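> Here is my input; please provide its structure:
(one chain, ligands or ions: 1)
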Amino acid sequence: MKKRILLTGGAGYIGAHTAVELILQGYDILLIDDFSKSNKALLTGIEKITNKCPSFQEGDCKDSKFLESIFSKNKFDTVIHFAAYKSVKESVQEPLLYYDNNLRSMTELLRAMNNFAVNELIFSSSCTVYGQPDVIPVDETAPFKRAESPYGATKQMCERLLEDVVLAGEKLKVISLRYFNPIGAHPSALIGELPIGVPDNLVPYVTQTAAGLREKLTIFGDDYSTPDGSCLRDFIHVMDLAQAHVSAVEKIDSMPSRNEAFNLGTGEGVSVLGLARKFIEVTGVKLNYEVGPRRPGDIEKVYANPAKAKKLLGWQTKLTLETALADAWRWQKQLA
Ligand code: UFG
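Next up, the predicted model:
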């Protein structure tokens, strides 16, 4: 029997792409989302791609009564906890909002899982847990340096919290997936990244600028110690990322320990300027950009050593940066 899976934040960017993959692979899933940072349109997209209306309940993970009603009415084997705020910039401006939301949703969820004996958790973590790593590509054994942003600190704290809860109990199994920079969209262009208001993340800003919705892209800093002076990131296609969640669901029972973390990236560092140029090359579209000051909270350079995910999850990226940018552009064009 396939596992029954709860996806918190299931109408968000990564949640929706993962939902599609799980549905198409025959999993029985329930999505919950409070739509504070997401959009109902992605639910329609999931339905169009899969020909199946996804089971969905609207509510907030910080609301213990809501969680209790979800867990009492449904039986789950596994929870994938996507629900969190994710903007580095906003977290610097609104730290309390980030600590409150990201930590309280985690503790309430763990309490509900414990009360209803649900013992498998896949957690959306981030490469920001490493701070600025000393060794790049970074592997999972790298120490957590001081996070550069409150967003990163919430991911560090959640991972520490999970470690302690796993140690204190006997049943809970956790896989933390440390995402590098997810970009792109489903190849159908029926779901993709749908930021509310002005985007903070690079690729939606690029595509909105190319579509004429924003005047120009600002490259935040060209005085970093990187080959072209702009930050280096590991951009991973969201469909590859979605597939990693399916692997985690399949493999969580056979992990060497009850708490494992995995880097999910391509293993390749690409600069912000390099990405902007690649976008122009791939799409043939004009993109206004200029260099501006650094953005507070940014890490200079980070990219993954994804060897552990290949070995233990049997997963590696398949899609290229070119495909991701073409898919992101196709998604943007049909929005306009
Ligand atoms: N950037 C620009 N101009 C922009 C937007 C971004 O130059 O208009 C630069 C940033 O300064 C940074 C790079 O592009 O150097 C990437 O920035 P993003 O905001 O897209 O993503 P981050 O690297 O800040 O990554 C964070 C977390 C990830 C998370 C990602 C998406 O570290 O874990 O946000 O939420 F996946």
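
> Residue 11 touches residue 36, doesn't it?
No - Residue 11 is not in contact with residue 36 according to C-beta atoms under 8 Å; the separation is 10.6 Å. Just so you know, the C-beta spots here come from the backbone N, C-alpha and C atoms, and that holds for glycine as well.

> what about the two, which has more around it?
Neighbour comparison, residue 11 and residue 36: the larger count goes to residue 11, with 29 against 12 (by other C-beta atoms under 10 Å).

> Enumerate every residue touching the more buried one.
Shown in contact with residue 11 (C-beta atoms under 8 Å, 6 or more residues apart in numbering): 31, 33, 35, 38-40, 42-43, 56.

> Please indicate which of those are buried?
Neighbour-count burial (16 or more other C-beta atoms under 10 Å) applied to the contacts of residue 11 gives 31, 33, 38-39, 42-43, 56.

> would you turn these into TSV with pLDDT?
Converted to TSV, these look like this (pLDDT from 0 to 100):
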residue	pLDDT
31	98
33	98
38	92
39	91
42	96
43	97
56	98
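
> Which ones among the residues you listed map onto strands?
31, 33, 56 (DSSP state E).

> which one of those residues sits closest to the ligand?
residue 33 (16.4 Å; C-beta to the nearest ligand atom).

> State the pLDDT value of the residue lying closest to the closest one once chain neighbours are set aside.
Nearest residue to residue 33 in three dimensions, chain neighbours excluded: residue 11, at 3.9 Å (C-beta to C-beta, 6 or more residues apart in numbering). On pLDDT, residue 11 comes in at 97.

> Tell me what the residue of the stretch 1-150 of the chain found nearest the ligand is bridged to.
The minimum distance from the stretch 1-150 of the chain to the ligand, using C-beta to the nearest ligand atom, falls at residue 126 (3.3 Å). Beta-bridge pairing for residue 126 (DSSP bridges): residue 179.

> my read: it touches residue 179, true?
Yes - look at residue 126 against residue 179 with C-beta under 8 Å: they come within range, at 5.5 Å.

> for residue 91, what are its contacts?
Counting by C-beta under 8 Å, 6+ apart, residue 91 has contacts 85, 97-98, 149-152, 154, 297.

> Go ahead and build a ChimeraX selection from the buried members of those.
In ChimeraX syntax, the buried subset of those is picked out as below (16+ other C-beta under 10 Å):
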select :85,98,149,150,151,152,154,297
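
> Give me the subset of the contacts of residue 91 that lies in helices.
Here DSSP state H is the test, and the contacts of residue 91 give 97-98, 150-152, 154 as lying in helices.

> Which residues are in contact with the closest residue to residue 95 other than its chain neighbours?
Leaving aside its chain neighbours, residue 95 sits nearest to residue 150 (4.0 Å; criterion: C-beta to C-beta, 6+ apart). Neighbouring residues of residue 150 by C-beta under 8 Å, 6+ apart: 91-92, 95, 98-99.

> Between which two of those residues is the distance greatest?
92 and 99 (12.4 Å; C-beta to C-beta).

> Settle this for me: residue 16 is touching residue 191, isn't it.
Yes - contact criterion C-beta under 8 Å: residue 16 and residue 191 qualify, at 5.0 Å.

> which residues are common contacts for those two?
42, 45-46.

> Just give me the closest of the residues you listed to residue 204.
Of those, the one sitting nearest to residue 204 (C-beta to C-beta) turns out to be residue 42, at 13.9 Å.

> Would you agree the closest one is in contact with residue 194?
Yes - shown here, residue 42 and residue 194 form a contact pair, counting by C-beta under 8 Å, at 6.4 Å.

> Could you tell me which residues touch both of these two?
residue 13.

> Return only those of the contacts of residue 91 found close to the ligand.
Residues of these in contact with the ligand (C-beta under 6 Å from any ligand atom): none.

> Can you tell me how far residue 163 is from residue 100?
Per C-beta to C-beta, to the nearest Å, residue 163 is found 21 Å from residue 100.

> An error on my part: the question was meant for residue 166.
For residue 166, the distance to residue 100 - C-beta to C-beta - is 24 Å.

> Neighbour count: these two, which is higher?
Neighbours were counted for residue 166 and for residue 100 using other C-beta under 10 Å; residue 166 has more, 18 against 14.

> Contact partners for the more buried one?
Contacts of residue 166 by C-beta under 8 Å, 6+ apart are 172-174, 258-259.

> give me phi/psi at the closest residue to it other than its chain neighbours?
Nearest residue to residue 166, sequence neighbours excluded (C-beta to C-beta, 6+ apart): residue 259, at 4.3 Å. Dihedral angles of residue 259 (phi, psi; degrees, to the nearest 10) stand at phi -140, psi 110.
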